[in-house]
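S.K.: sequence unknown, structure follows:
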């Protein structure tokens, strides 16, 4: 299977998995709020936010490993691949232990850190105990997925994640039918992710029979990857802080009920964010190879054509959801939450910034990323400052405004400086041919549908949603050039032959 086919397969399966995750989130949030209550459900979101933030201890190894695995596999330097894998096992094992200890220490002082009642503090402590165990296992097995993705089997890694998602659906059903506690619900949900580990081990042995699963740190390998790794960590630290400190700030500056409001919006919008962020994982292995081979033609194809297809999907998700935002909130959690519509719209618009993921994969595949590290630090510091001071006045709206500020600073930096000056990519061409046409289509269709009214929430939701899909797909296809249409047709034919 060629790189183009693997990219298409990765995009297809990534999109499917994110749709499944989005549907699960869409269904689970109102069910759990109704079952546990808004305040207690907010504790789950709070605990998850803390644990996700601790993923920063990755120190940039995730993207670094995929880049170097891909590079060395392309050059058939299998000894280095094996030594990096063993080093990663040892590194992630240490980080997993540290992560577990931090969570246990945090559980001791949870009543001082979070604005919760004594009863809620007991639940928070239990959730942190559960997280400390699952975090260690998750860390230690992190490089399994990285090596498989480096072989450009992103589609395969996405495919098997449907198995734990199926188990999570079963856990959700059991929770509301037989009455599982919050602790049992979270335990079963968290540990369901580990059922894929045996499948990953088997896949690795098949793809890379030279791999050893014995942890061992190679100092020479570390010296080679650490400069790039620390650069990735530098901007990753602030990027993650921007994404995952906002609900934590909300828990500190407001009340758990506000965190639940955040989870409601996040449950709706996660599918857009996951699709945008997931494209780096799809493109990075191929981008690393073309950068290693200095293939300028292939790089341009990723930059312009890749951005065009990502923009189509991002705009489809963004404006498709905006066209039915009131109906989604009403069907999702009830009409009493319609006050969140304006913040949902604003947050959705901010996600359009993720159309840069194809070019970002080229950035991460390069050796020098110091400039984007500085821009990310500036954008994150300003965004988090806005978040901290805006929450007391705008509550959940403060987290959304902060995210918009962060995205605006980042995208202006890329368009006005980094792409044209450093990467020699025509920003105007990207904007005019790969991005803005689909934004205009989405805005026009969304605006028209928001003016239309149908009797009944569900009828309106499905009719507006269906109309948006048909109209947007038709006009987007008309906008695409002959080469893009031919590429889509070719990939569909290959998919049928497979």
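M.R.: The structure has been received and is ready for your questions. Being a predicted model, the structure only gives us computed values, none of them experimental. Numbers count the residues shown, from 1 in each chain.

S.K.: only C-alpha atoms from now on, for both contacts and neighbour counts.
M.R.: Noted.

S.K.: name the nearest residue to residue 193, ignoring sequence neighbours.
M.R.: In this structure, residue 193 finds its nearest non-sequential neighbour in residue 164, 5.2 Å apart by CA to CA, 6 or more residues apart in numbering.

S.K.: need the per-residue pLDDT for that neighbour.
M.R.: At residue 164, the pLDDT value in this model is 87.

S.K.: can you check residue 363 too?
M.R.: 69.

S.K.: could you point out the helix or strand that follows the host helix or strand of the residue nearest to residue 193?
M.R.: Taking DSSP states H and E as the definition, residue 164 sits inside helix 162-174. With elements assigned by DSSP H and E, the helix or strand that comes after helix 162-174 is helix 182-191.

S.K.: any idea of the mean pLDDT for that next one?
M.R.: Per-residue pLDDT over helix 182-191 has a mean of 86.

S.K.: distance from it to the middle of the chain?
M.R.: Computed by CA atoms, centre = their mean, to the nearest Å, the separation of helix 182-191 from the middle of its chain amounts to 22 Å.

S.K.: who's in contact with it?
M.R.: Applying CA atoms under 8 Å, 6 or more residues apart in numbering, the contact partners of helix 182-191 are 36, 44, 123, 126-127, 130-131, 134, 167-168, 171-172, 175.

S.K.: what does stretch 119-136 give?
M.R.: 40, 43-44, 47, 51, 93, 95-97, 99-101, 103-104, 106-108, 110-111, 182-183, 186-187, 190-191.

S.K.: from memory residue 93 sits against residue 139, does it?
M.R.: Yes. With contact defined as CA atoms under 8 Å, residue 93 counts as touching residue 139 (6.5 Å).

S.K.: and the helix holding residue 164, what's buried?
M.R.: Along helix 162-174, the positions that meet the burial threshold by neighbour count (16 or more other CA atoms under 10 Å) are 162, 164, 165, 167, 168, 171, 172.

S.K.: so where's the stretch 251-400 of the chain uncertain?
M.R.: Scanning the stretch 251-400 of the chain for pLDDT under 70 picks out the ranges 256, 271-296, 363-369.

S.K.: one more time with 80, if that's ok
M.R.: Counting by pLDDT under 80, the stretch 251-400 of the chain has low-confidence residues at 251-260, 263, 267-303, 305-306, 332-334, 357-373.

S.K.: can you map out the helices along it?
M.R.: Along the stretch 251-400 of the chain, the segments classed as helices by DSSP state H, counting those that start in this stretch run 256-292, 296-300, 307-323, 325-333, 341-350, 357-365, 370-394, 396-413.

S.K.: out of the ones you listed, flag the one nearest residue 86.
M.R.: Nearest to residue 86, of all the helices of the stretch 251-400 of the chain, is helix 256-292, at 19.8 Å by CA to CA.

S.K.: regarding the nearest residue to residue 267 once chain neighbours are set aside, which helix or strand does it belong to?
M.R.: The shortest distance from residue 267 to any residue other than its chain neighbours is 5.2 Å, reached at residue 25 (CA to CA, 6+ apart). Under the criterion DSSP H and E, the helix or strand holding residue 25 is helix 3-36.

S.K.: what about residue 391, how many residues nearby?
M.R.: Other residues within reach of residue 391, judged by other CA atoms under 10 Å, total 22.

S.K.: next, the contact list for the nearest residue to it once chain neighbours are set aside, please.
M.R.: Once its chain neighbours are removed from consideration, residue 391 has its nearest residue in residue 398; the separation is 4.5 Å (CA to CA, 6+ apart). Contact analysis of residue 398 by CA under 8 Å, 6+ apart lists 386, 387, 388, 389, 390, 391, 392.

S.K.: the residue nearest to residue 200 when sequence neighbours are not counted: neighbour count?
M.R.: Counting by CA to CA, 6+ apart, the nearest residue to residue 200 once its immediate chain neighbours are dropped is residue 144, at 6.4 Å. Neighbourhood size, residue 144 [other CA under 10 Å]: 19.

S.K.: hmm, residue 430 is touching residue 304, no?
M.R.: Yes. Assessed by CA under 8 Å, residue 430 is found in contact with residue 304 at 6.1 Å.

S.K.: any shared contact partners between these two?
M.R.: For the pair residue 430 and residue 304, no residue contacts each of them under the criterion CA under 8 Å, 6+ apart.

S.K.: so can I have TSV of the helices of the stretch 251-400 of the chain showing distance to residue 233?
M.R.: Below are the helices of the stretch 251-400 of the chain laid out as TSV (distance: least, CA to CA, whole Å):
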stretch	distance to residue 233
helix 256-292	16
helix 296-300	24
helix 307-323	25
helix 325-333	36
helix 341-350	24
helix 357-365	12
helix 370-394	9
helix 396-413	17
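
S.K.: who's in contact with residue 106?
M.R.: Taking CA under 8 Å, 6+ apart as the criterion, residue 106 is in contact with residue 128.

S.K.: and with 6 Å instead?
M.R.: Contact partners of residue 106, counting by CA atoms under 6 Å, 6 or more residues apart in numbering, are absent.

S.K.: give me the element residue 201 is part of.
M.R.: When secondary structure is defined using DSSP H and E, the element that contains residue 201 is helix 197-207.

S.K.: what comes up buried for that helix?
M.R.: Neighbour-count burial for helix 197-207, counted by 16+ other CA under 10 Å, picks out 197, 200, 203, 204.

S.K.: return the member of these nearest to residue 328.
M.R.: residue 197 (35.6 Å).

S.K.: ok, the nearest residue to that closest one once chain neighbours are set aside - how many residues close by?
M.R.: Counting by CA to CA, 6+ apart, the nearest residue to residue 197 once its immediate chain neighbours are dropped is residue 141, at 7.6 Å. By the other CA under 10 Å criterion, the neighbourhood of residue 141 contains 19 residues.

S.K.: next: residue 370.
M.R.: For residue 370, which is what you asked about, the neighbour count (other CA under 10 Å) is 15.

S.K.: ok, now residue 81?
M.R.: So residue 81, with other CA under 10 Å, has 23 neighbours.

S.K.: and it, what is it in contact with?
M.R.: Residues in contact with residue 81 (CA under 6 Å, 6+ apart) are residue 69.

S.K.: 10 Å instead?
M.R.: For residue 81, the contacting residues are 65, 68-73, 87, 147, 208, 210-211, 221, taking CA atoms under 10 Å, 6 or more residues apart in numbering as the criterion.

S.K.: pLDDT score for residue 133?
M.R.: In this model, residue 133 carries a pLDDT of 88.

S.K.: next, it: phi, psi?
M.R.: Listed backbone geometry of residue 133 is phi -80, psi -50, with angles given as degrees, to the nearest 10.

S.K.: what count of nearby residues applies to it?
M.R.: Neighbour count for residue 133, taken as other CA under 10 Å: 20.

S.K.: hang on, the earlier thing: pretty sure the residue nearest to residue 267 is touching residue 33, no?
M.R.: No. Residue 25 sits out of contact with residue 33 when judged by CA atoms under 10 Å, with a separation of 11.9 Å.

S.K.: ok so, going back, quick check: mean pLDDT across the helix holding residue 201?
M.R.: For helix 197-207, the per-residue pLDDT averages 89.
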